[in-house]
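S.K.: I need the structure of the sequence given here:
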Amino acid sequence: MRTGEKLQRSAGDGRMRAACVALLGALGCQGGNASSGATAGSATPAGSAAPVAAGAAAGSASAAPGTAAAAGSASAGAVGSAQAGAGEAHEISLTSDDVAKVMNPKRQAPYSGPTGTLRGRVTIKGDPPPDTGLSFPIGKCGEAAATYGRLFRVGQQNGVADALVTVVNYSGYVPEREEAEKVTIHGCAFSKRTVVMSYGQRLEVANLDPLEPYMPNLEGAPFMAVLVAVPQGDPVKFYPPQPGYYHLVDKLPKPFLKAEVFVLKFATHDVTGLDGKYEIKGIPVGKVLTAALLPAIEQDVKREIEIKEGENTLDFELNFDLKKYSEKPHTKRAP
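M.R.: You can find the predicted model right below:
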C-alpha cells in the first residue's frame, strides 16, 4: 500500500474512536468537580454521534463520545440556500433545558470565585509530517494543499496546529459564553482541521470565497438537508444534537475538505492555530487536569497543574514517529 493511501485510511472512524476514548474517556466529559457524577446517558438519535461508556476512574465522570454514525447521503433535491431550510433543524441552544441537564446537571450558579487564564503552546518533535497523497484542483483551491497536503500542520518553531487543549476536574460550573463556534471556508479549505464546541453552541460555517460555492454538512448529526454556503453570504448553521464526535465535510466534489468536530460537556477548551498557541480563560483556581490531543496522529499528553488567579502558562510537547505510526492498525472510514 502506498504511503498516501495508508494515510488516507488513517482518517477512519476507528482512529477517531480511539482518540476520543483516550482523551475524553480518561478525563471524563464533565468539566467541573468530579463529585457532580454526571454522565452522558441520553438516548442516541439515529444518525447522531453516539457517546460510548468508558469505565470511569473513581470519582470521575464516565461517558466518552465515540465515533459518528454514518450520515445519510444527500439527494440533489435536498439542496437549499444558506437561509432556506435553516429553521428545519432542531435549534438547540445554550439556554435549552436539555442542554442544562447535560452541561450543568446540578443546576449550580455560574462559578463566581477567583479564576485564572491558561496560555501556552503545543509543539511537536520527531519526524516531519508525511504527504497525504491527496490531489487538489489547480487554481481555485489555493489553500487546500497547505491545509490538507500533510498528515498534520506545523508552523514556525515546531508549533502544531489543530491540537485540542482541554481543562477539567475543577470545582464549580463554568458556562459557555459564546453562542456559536465559527468556521470559515476559503480556497477550498476550512479555517481549522479540528473544531471544538460546547454542547448547546451552534456551528456556523461561512464562505469567504468571492465565487466558489460549497455545501457544508455535519456528518453524525440528524440529516435534514444540504445547504449551500453561498460566496460571501450568510453562514450555514448546524446544531449538534448531543455531545460527541462529528465530521464537517463538503458535499461538492472536494473529498479532502474535512474537519473533525468535538462537542464537549464543558466550556474550558481551545484549538491551536499555526503558531501552536492556545488560550483558555475563566478557569476556577485549584488543581486541574489538562490535556492536548492532536487527532491526526491519535496522540495526547496530559498534565495535572494548579491554576492560580491571573495568568498561568503551560506548554505541551508531542512526538511523532512515522515508522511507529505507519505500523499502527487503522480502520478505513465507512462510506
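S.K.: and Lys287, how far from Asp300?
M.R.: Counting by Cβ to Cβ, to the nearest Å, the gap from Lys287 to Asp300 is 19 Å. Yep, even glycine has a C-beta here, placed from its N, CA and C like the rest.
S.K.: ok, these two, which is more surrounded?
M.R.: Between Lys287 and Asp300, counting by other Cβ atoms under 10 Å, Asp300 is the more crowded of the two (22 against 11).
S.K.: surely the more buried one meets Thr290?
M.R.: No. Using Cβ atoms under 8 Å as the test, Asp300 is too far from Thr290 to be in contact (10.5 Å).
S.K.: got any ranges where the stretch 151-300 of the chain has weak pLDDT?
M.R.: For the stretch 151-300 of the chain, the stretches with pLDDT under 70 are 224.
S.K.: which residues of it fall in strands?
M.R.: Using DSSP state E, counting those that start in this stretch, the strands found in the stretch 151-300 of the chain span residues 164-168, 180-185, 194-198, 202-207, 216-219, 226-227, 236-238, 244-250, 258-264, 269-271, 277-284, 286-294, 299-307.
S.K.: I'd like these written out as CSV, with distance to Val174 added.
M.R.: Formatted as CSV, the strands of the stretch 151-300 of the chain follow (distance: least, Cβ to Cβ, whole Å):
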stretch, distance to Val174
strand 164-168, 9
strand 180-185, 16
strand 194-198, 10
strand 202-207, 19
strand 216-219, 25
strand 226-227, 32
strand 236-238, 24
strand 244-250, 20
strand 258-264, 12
strand 269-271, 11
strand 277-284, 6
strand 286-294, 11
strand 299-307, 12
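S.K.: which one of those strands lies closest to Ser112?
M.R.: Checking the strands of the stretch 151-300 of the chain against Ser112 by Cβ to Cβ gives strand 277-284 as the closest, at 9.6 Å.
S.K.: now the closest one, how far from the centre of its chain.
M.R.: 17 Å (Cα atoms, centre = their mean, to the nearest Å).
S.K.: other SSEs contacting that strand?
M.R.: strand 115-126, strand 164-168, strand 269-271 (3 or more Cβ pairs under 8 Å, 6 or more residues apart in numbering; DSSP states H and E).
S.K.: please identify the deepest-packed of these.
M.R.: Of the helices and strands packed on strand 277-284, the one with the most neighbours on average (mean count of other Cβ atoms under 10 Å) is strand 164-168, at a mean of 26.
S.K.: strand partners of that strand, parallel vs antiparallel please.
M.R.: Paired strands of strand 164-168, with direction, are strand 269-271 (antiparallel), strand 286-294 (antiparallel) (DSSP bridges).
S.K.: how about those in CSV, adding distance to Val102?
M.R.: Shown next, in CSV, are those (distance: least, Cβ to Cβ, whole Å):
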stretch, distance to Val102
strand 269-271, 15
strand 286-294, 20
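S.K.: pretty sure Gly116 is touching Ile305, no?
M.R.: No. Judged on Cβ under 8 Å, Gly116 makes no contact with Ile305 at a distance of 10.0 Å.
S.K.: any common contacting residues for those two?
M.R.: Counting by Cβ atoms under 8 Å, 6 or more residues apart in numbering, the common neighbours of Gly116 and Ile305 are Asn312.
S.K.: pull out the buried positions in stretch 177-189.
M.R.: Going by neighbour count (16 or more other Cβ atoms under 10 Å), the buried part of stretch 177-189 is Glu181, Val183, Thr184, Ile185, His186, Gly187, Cys188, Ala189.
S.K.: that stretch: end-to-end distance?
M.R.: Terminal residues of stretch 177-189 are spaced 27 Å apart (Cα to Cα, to the nearest Å).
S.K.: so how far is that stretch off the chain centroid?
M.R.: That offset, for stretch 177-189, works out to 12 Å (Cα atoms, centre = their mean).
S.K.: over to stretch 95-114?
M.R.: Distance of stretch 95-114 from the chain centroid (Cα atoms, centre = their mean) equals 22 Å.
S.K.: equivalent analysis for stretch 139-158, please.
M.R.: Here stretch 139-158 is found 18 Å from its chain centre; the criterion is Cα atoms, centre = their mean.
S.K.: name the residues of that stretch that are buried.
M.R.: Buried residues in stretch 139-158 (16+ other Cβ under 10 Å): 141, 143-145, 147-155.
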